[in-house]
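Visitor: have a look at this prediction, sequence included:
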Amino acid sequence: MISVIVPADDSDEALAGLFVALVPAAVDGLVKDVVVAAHAPSEATRLLCEDAGARLISGTIDRAAREARGEWLLLVAPQMRFGGRWREAVADHLAESSRPALILPPAQPGWRGAFGRAKGAGLLVRKNAFGEADGDLAGLRRRFGRGAVRLA
């Protein structure tokens, strides 16, 4: 199904929280693998990845995408926290569309919380559409996000 790609330099605590959120999706079969890309991973990051069954690579998001096993890529920051029905929304999208999608984090109270949701969104894109898309997560959201479906 999907490969989750996480650019994770110096984010051990956030990465641990993300892994907790991804476990049920892996058990359900939605998440095929998790690839963590770090330029200089800490020992804590190495241990977290080993314990979670994630592959740790030294390099960029582009390299992680090439090594991912899934047909779809879900790129998320380690700080990403998913809404309650994110797995169902992603599964429905995979069944109905080939377009990229932004996976929005849960809304925070107040107008500022609603404003920043897209900024922290994950990006779901077909691996074959990703191509040679080197860059950071924010730049990739700008590149693929214009025509993307927004999933809460």
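Guide: On my side now, so go ahead.
Visitor: every contact and neighbour count from this point should use C-alpha atoms.
Guide: Will do.
Visitor: mind giving me the packing neighbours of the longest strand along the chain?
Guide: The strand spanning the most residues in the chain, taking DSSP state E as the definition, is strand 31-38. Here strand 31-38 touches strand 2-7, helix 12-28, strand 55-58, helix 61-67, going by 3 or more CA pairs under 8 Å, 6 or more residues apart in numbering; DSSP states H and E.
Visitor: could you dump those into TSV with mean pLDDT added?
Guide: Shown next, in TSV, are these (pLDDT from 0 to 100):
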stretch	mean pLDDT
strand 2-7	96
helix 12-28	90
strand 55-58	94
helix 61-67	92
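Visitor: out of these, deepest packed?
Guide: Counting by mean count of other CA atoms under 10 Å, strand 2-7 has the highest mean neighbour count of these, with a mean of 25.
Visitor: just the CA trace of that one, in PDB.
Guide: Provided in PDB are the C-alpha atoms of strand 2-7 (Å, rounded to 0.1, in the frame of the first residue of the first chain):
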ATOM      1  CA  ILE A   2       1.900   3.100   1.300                       C
ATOM      2  CA  SER A   3       5.400   3.800   2.400                       C
ATOM      3  CA  VAL A   4       5.800   6.500   5.000                       C
ATOM      4  CA  ILE A   5       8.900   8.700   4.600                       C
ATOM      5  CA  VAL A   6      10.000  10.800   7.500                       C
ATOM      6  CA  PRO A   7      12.900  13.400   7.200                       C
END
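Visitor: by contact count, what packs against that strand?
Guide: Using 3+ CA pairs under 8 Å, 6+ apart, strand 2-7 sits against strand 31-38, helix 61-67, strand 72-75.
Visitor: who are the packing partners of the second one?
Guide: Under the contact definition 3+ CA pairs under 8 Å, 6+ apart, helix 61-67 sits against strand 2-7, strand 31-38.
Visitor: tabulate the ones you listed in a markdown table, adding columns for distance to residue 76.
Guide: Compiled in a markdown table, the helices and strands packed on helix 61-67 are given as follows (distance: least, CA to CA, whole Å):
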| stretch | distance to residue 76 |
| --- | --- |
| strand 2-7 | 5 |
| strand 31-38 | 10 |
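Visitor: right, so of these, which gets closest to residue 95?
Guide: strand 2-7 (12.3 Å; CA to CA).
Visitor: I appreciate the help and will end here.
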